[in-house]
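Student: need coordinates for the below:
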Amino acid sequence: MEYRENPLLGRKVFFLNPPLSVENYIMASLKAEEYEVYKITNLESAKPVLKIYENAICFIFVDDILPLDGWFNFIKSFEYDSLLKTVFLGALSVKTKPKDQERFLMNLKLPGGFVMMDKKIEETKNQLEGILRINGAKGVRKFVRLELKDNKDVNGYFGTRDQLYSFRLIDISQVGFAAIMPVRMGKFFKNGSFINNVSITMGRYSITCSINVHATKVTADSCVVIAMFVGTASKEVIQKIHNFVYETLEKRMREVIDSLPPDNYDYNIRIRASDDAAVDPEENEKKTGQAPAETKEASEAKETTENVEEVEEIEEIEEAQESEGAEAVEDGGEKTSEEEGKENQPEENGKVPEEGETAASKSE
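Tutor: Numbering: from 1, shown residues only. Purely as a prediction, here's the structure:
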């Protein structure tokens, strides 16, 4: 639970369906303060990608795409999925009424709260940042670090008087990088050493900086170096690193989202147990044995139809019996009391006594 409340490496922060004011100002401001922030444009992409990042925080703008009831059902459905129930959700709105805000907060799990954007945008940003801090969005880190193990386009260079050396970066952030190089280059990167005029290429970006070697680990076939940028690195250098880190992260996230099958469920028709709670269709079927598509009205209509069919069957039987009795009367005419009495006499050995035959004569 300790890890759940404050993940060591922090949480990815998603904004689902953000308005331009959130995207252009709030998200940009949070990135500048080193939060790992992403945008989810389509509702269909939200659940598939959030299932991958179980410690994520997601703020949902609920003023469009779905009506409030649809968003209520969408958020409620997270409670029924083991891969989504650990995601921290919050709601954003400009126009939601107080009674609807209360309904969401009282009946849904919203660790991110219900944030009304009816104030200055700076105040909303500060409120959201406070929520991120409380929920450990940064973990123990202070800066977003970009892993580069599979990226061949990021390399470092430094030169001596007679030779130019190159090395490959493993990761990079605004404060430093880790690199791997041949063992023979380890002599230049001893712990605590200072190296000037180090060049790094990062795709379309290129920087020149000075570094302090923080740690070196030499193995049989390589040397791994952890270096920190000297504090005098220019703002331009820092900004280029920041831009490269976030552009790469966003590209990777877009590739992940595009590769996942969409969630096409219609949250406007989710079955509801009451006015204030939504029920997961599969869970409802397990508990009640009733398929999601069979509503209460459909069930009652089915029962009424079965009752009508049963009554009609009984009526048909009664009509058949009455018809047989009427045919018997037509064949024999009206029966006398004497004839009726004979008919009521019991059979003996399966034979009805003939007319004029008595029990005594029969015994003789």
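
Student: what is the neighbour count of the closest residue to residue 67 other than its chain neighbours?
Tutor: Leaving aside its sequence neighbours, residue 67 sits nearest to residue 268 (C-beta to C-beta, 6 or more residues apart in numbering; 6.9 Å). The C-beta positions use only the backbone N, C-alpha and C, and glycine is treated the same way. By the criterion of other C-beta atoms under 10 Å, residue 268 has 12 neighbours.

Student: what does residue 163 give?
Tutor: As a burial measure, residue 163 scores 7 neighbours (other C-beta under 10 Å).

Student: same thing with the one 5 residues further on?
Tutor: Summarising burial for residue 168: neighbours were counted as other C-beta under 10 Å, giving 14.

Student: assign it to helix, strand or coil.
Tutor: strand (DSSP: H, G, I helix; E, B strand; the rest coil).

Student: what is it paired to in the beta sheet?
Tutor: On the basis of DSSP bridges, residue 168 is bridged to residue 155, residue 180.

Student: for the stretch 251-364 of the chain, which spans come out with low pLDDT?
Tutor: Low-confidence segments of the stretch 251-364 of the chain (pLDDT under 70): 270-364.

Student: repeat that with 90
Tutor: 269-364 (pLDDT under 90).

Student: quick check: the residue nearest to residue 67 is in a helix.
Tutor: No. Residue 268 sits outside any helix when classified using three-state DSSP, being coil.

Student: which element is residue 157 on?
Tutor: Secondary structure from DSSP states H and E places residue 157 in strand 154-159.

Student: averaged pLDDT, that strand. What do you get?
Tutor: In this model, strand 154-159 has an average pLDDT of 91.

Student: got it, and stretch 221-240?
Tutor: For stretch 221-240, the mean per-residue pLDDT is 88.

Student: what are the buried residues along it?
Tutor: 223-227, 229, 233, 237, 240 (16 or more other C-beta atoms under 10 Å).

Student: and what of stretch 58-69?
Tutor: Using 16+ other C-beta under 10 Å as the test for burial, stretch 58-69 gives 58-63, 66, 68-69.

Student: what does stretch 204-219 give?
Tutor: Under the neighbour-count criterion of 16+ other C-beta under 10 Å, stretch 204-219 has 207, 209, 211, 213, 216 buried.

Student: look up the pLDDT of the second one for me, please.
Tutor: The predicted local distance difference test score for residue 209 is 90.

Student: packing partners for whichever strand or helix holds it?
Tutor: Here residue 209, judged by DSSP H and E, is contained in strand 205-218. Contacts defined by 3 or more C-beta pairs under 8 Å, 6 or more residues apart in numbering; DSSP states H and E place strand 205-218 against strand 194-202, strand 223-229, helix 235-259.

Student: from the chain's centre, how far out does the longest one sit?
Tutor: What it means is helix 235-259. Put simply, helix 235-259 sits 24 Å off its chain's centre (C-alpha atoms, centre = their mean, to the nearest Å).

Student: please apply the same query to stretch 82-91.
Tutor: The chain centroid and the centroid of stretch 82-91 are separated by 7 Å under C-alpha atoms, centre = their mean.

Student: ok, the closest residue to residue 261 other than its chain neighbours - contacts?
Tutor: Once flanking residues are discounted, residue 261 sits nearest to residue 48: 6.5 Å by C-beta to C-beta, 6+ apart. Residues near residue 48 by C-beta atoms under 8 Å, 6 or more residues apart in numbering: 257, 260-263.

Student: highest neighbour count among the residues you listed?
Tutor: Most neighbours among the contacts of residue 48, by other C-beta under 10 Å: residue 257, with 20 neighbours.

Student: could you report the separation of the residue nearest to residue 67 from residue 223?
Tutor: Distance, residue 268 to residue 223, by C-beta to C-beta, to the nearest Å: 59 Å.

Student: what's the answer for residue 121, then?
Tutor: Counting by C-beta to C-beta, the gap from residue 121 to residue 223 is 48 Å.

Student: CA atoms of stretch 64-75 as CSV?
Tutor: What follows is stretch 64-75, C-alpha atoms only, in CSV (Å, rounded to 0.1, in the frame of the first residue of the first chain):
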residue,chain,number,x,y,z
ASP,A,64,-18.5,17.2,-23.8
ILE,A,65,-18.3,14.0,-25.8
LEU,A,66,-20.6,12.2,-23.3
PRO,A,67,-23.5,13.5,-21.2
LEU,A,68,-22.8,13.5,-17.5
ASP,A,69,-24.6,10.2,-17.0
GLY,A,70,-22.3,8.7,-19.6
TRP,A,71,-19.2,10.0,-17.9
PHE,A,72,-20.6,8.7,-14.6
ASN,A,73,-21.0,5.2,-16.0
PHE,A,74,-17.5,5.4,-17.6
ILE,A,75,-15.8,6.3,-14.3
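
Student: now do that stretch, average pLDDT.
Tutor: Mean predicted confidence for stretch 64-75 is 95.

Student: what's the offset of that stretch from the middle of its chain?
Tutor: Worked out by C-alpha atoms, centre = their mean, stretch 64-75 lies 14 Å from the chain centre.

Student: likewise for stretch 198-218?
Tutor: In this view, stretch 198-218 has its centroid 39 Å away from the chain centroid, taken as C-alpha atoms, centre = their mean.

Student: what pLDDT does residue 163 get?
Tutor: 86.

Student: show me the contacts for it.
Tutor: By C-beta under 8 Å, 6+ apart, the contact list for residue 163 is empty.

Student: list the backbone torsions phi and psi for it.
Tutor: phi -160, psi 150 (degrees, to the nearest 10).

Student: could you do the one 10 residues further on as well?
Tutor: Backbone dihedrals for residue 173, given as degrees, to the nearest 10, come out at phi -150, psi -180.
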